[in-house]
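**Q** give me the fold of what follows.
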Amino acid sequence: SDVAWVDVASADDVAHAVAECSNAGICDHNTGTCSCLSGFEGIACERTRCPQNDNGEICSYHGTCKSISEMGELVNDVSAFRRVTYTEVWDADKVFGCACELGWTGYDCSVRQCAFGDDPVTTGQVDEIQEITCTCDGTCTGGLMFSFRDEVTSFLEFDSSDTDVEAALESLSTLRDVTVDLTGNLCADGTNPLTITFVGNSGDVPPIRVVYSTLESDAADPTTEVVELTKGTREYAECNNRGKCNRDSGICECSSGYKSSNGAGQEGISGDCGFLNTTDI
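**A** Next up is the predicted model:
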C-alpha cells in the first residue's frame with residue numbers, strides 16, 4: 001500500500017489516503033503482489049514509469065530519470081535552469097520524468113536538437129557580458145572550477161591569469177568563444193573582477209557557475225560572485241532561423257545562402273546556419 005493516485009476526498013483539501021496498490025493496480029491476494037496499470041511501477045504501483053523509447057531504453061539513454069523533487073534540485077542549464085523546492089507535496093517522489101542531456105529533447109529524450117545561434121540578418125543586438133568577483137584577501141591558496149551548461153573546466157589556481165581562465169572556458173564544448181578581461185590574479189582582494197564577453201554564444205546566456213573550490217585565506221573566508229552586466233540580446237534560435245533541423249541526424253539543413261558559422265557571424269564549424277554567404281545568393 002502507498003499514497004493513492006486518485007481517491008475520494010474525505011474533507012476540504014484532504015485526499016490521497018494510503019490505498020492498496022496506490023489505486024493504480026490490482027492486488028493478487030494469494031501472492032500479496034500488485035499488478036500495476038500501464039505507466040505505473042513499484043511494489044505498490046507508487047510511482048510513474050519514466051518514458052522509454054521504442055527499444056525500451058529509459059530516457060532513450062540520452063537523459064536521467066528523476067522524480068519531481070529531484071528535478072527541483074537540479075540546475076544544469078540544459079534541462080533545468082532554476083532550483084525550486086518541491087518536497088512536501090504528495091506526489092513529490094511519485095511522478096518521474098526525464099532530464100535530457102544537451103542535444104536531446106522530447107518527453108523521452110529521443111528527439112535530436114540541432115545547433116542554436118544568432119540570426120545573421122538581424123542587427124542592433126549585443127553580446128552577453130558576465131562579471132566574476134573572487135575575493136581571497138591576505139595569503140590566498142587553492143583554486144576553483146567553473147561550469148557552463150553542465151560541463152566543468154579544469155582546476156584554476158587562485159593566481160590564474162586572464163589567459164588561463166579564457167583557455168579553461170574555451171576548452172568546454174558548450175562554449176564557442178569568449179573574451180576574458182582580468183587585471184592581476186583570478187582571486188585577490190575583490191577590487192579587480194574579471195569580465196567574460198560571450199562572443200560565440202548568443203542569447204541570454206546562463207551564468208558561469210562555481211562548482212568546486214579549495215580556496216583558503218588567512219584573513220576572511222573567500223567568496224565568489226557572478227553577476228550579469230549585460231544581457232545578451234542576439235537570437236538563440238535553432239539553426240539560426242535560417243534552416244531546418246534534421247531530427248534524425250541533428251544537423252542543420254541551411255536555406256540557400258547560409259552556412260555554418262563560428263557563432264559570431266563568420267564562417268565556421270559550429271554546425272548552425274549563422275553565416276550569410278552573399279556569394280551564393
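**Q** how about the helices in the stretch 51-200 of the chain?
**A** Along the stretch 51-200 of the chain, counting by DSSP state H, counting those that start in this stretch, helices occupy 68-73, 162-170.
**Q** would you confirm that residue 3 contacts residue 90?
**A** Yes - in this structure residue 3 lies within contact range of residue 90 using C-beta atoms under 8 Å: 5.7 Å. Backbone N, C-alpha and C define where each C-beta goes, glycine included.
**Q** those two: which is more packed in?
**A** A direct count of neighbours by other C-beta atoms under 10 Å for residue 3 and residue 90 places residue 3 higher, at 18 against 12.
**Q** show me what contacts that one?
**A** 16, 17, 18, 19, 22, 46, 90, 94 (C-beta atoms under 8 Å, 6 or more residues apart in numbering).
**Q** helix or strand: which one has the closest residue in space to residue 65 that isn't next to it in sequence?
**A** Leaving aside its chain neighbours, residue 65 sits nearest to residue 50 (3.7 Å; criterion: C-beta to C-beta, 6 or more residues apart in numbering). Assigned by DSSP states H and E, residue 50 falls within no helix or strand.
**Q** what's the local residue count around residue 50?
**A** Residue 50, neighbours per other C-beta under 10 Å, totals 19.
**Q** now it: how far from residue 172?
**A** Distance from residue 50 to residue 172, counting by C-beta to C-beta, to the nearest Å: 28 Å.
**Q** tell me how many other residues surround residue 72.
**A** 17.
**Q** so it sits against residue 88, correct?
**A** No - using C-beta under 8 Å as the test, residue 72 is too far from residue 88 to be in contact (11.3 Å).
**Q** how about residue 254, phi and psi?
**A** phi -80, psi 150 (degrees, to the nearest 10).
**Q** from what I see, residue 271 and residue 114 are in contact.
**A** Yes - with contact defined as C-beta under 8 Å, residue 271 reaches residue 114; the gap is 7.2 Å.
**Q** show me which of the two is the more surrounded one.
**A** Ranked by neighbour count (other C-beta under 10 Å), residue 271 and residue 114 place residue 114 first, with 22 against 16.
**Q** so the residue nearest to residue 151 when sequence neighbours are not counted versus residue 227, what's the distance?
**A** Closest residue to residue 151 apart from its sequence neighbours, by C-beta to C-beta, 6+ apart: residue 172 at 4.4 Å. To residue 227, residue 172 is 20 Å away according to C-beta to C-beta.
**Q** swap in residue 29?
**A** As judged by C-beta to C-beta, residue 29 and residue 227 stand 62 Å apart.
**Q** who has more neighbours, the two?
**A** Higher neighbour count among residue 29 and residue 227: residue 227, with 11 against 8, using other C-beta under 10 Å.
**Q** mind telling me what element the more buried one is part of?
**A** strand 223-230.
**Q** could you list the buried residues of whatever helix or strand residue 212 lives in?
**A** Assessed by DSSP H and E, residue 212 sits inside strand 209-213. Applying a neighbour-count criterion of 16 or more other C-beta atoms under 10 Å, one finds 209, 210, 213 buried in strand 209-213.
**Q** so the last one is in contact with residue 146, correct?
**A** No - with contact defined as C-beta under 8 Å, residue 213 does not reach residue 146; the gap is 10.2 Å.
**Q** all strands for the stretch 151-281 of the chain, in order.
**A** 151-152, 156-157, 178-181, 187-188, 194-198, 209-213, 216-217, 223-230, 237-238, 243-246, 251-254, 258-259, 275-276 (DSSP state E, counting those that start in this stretch).
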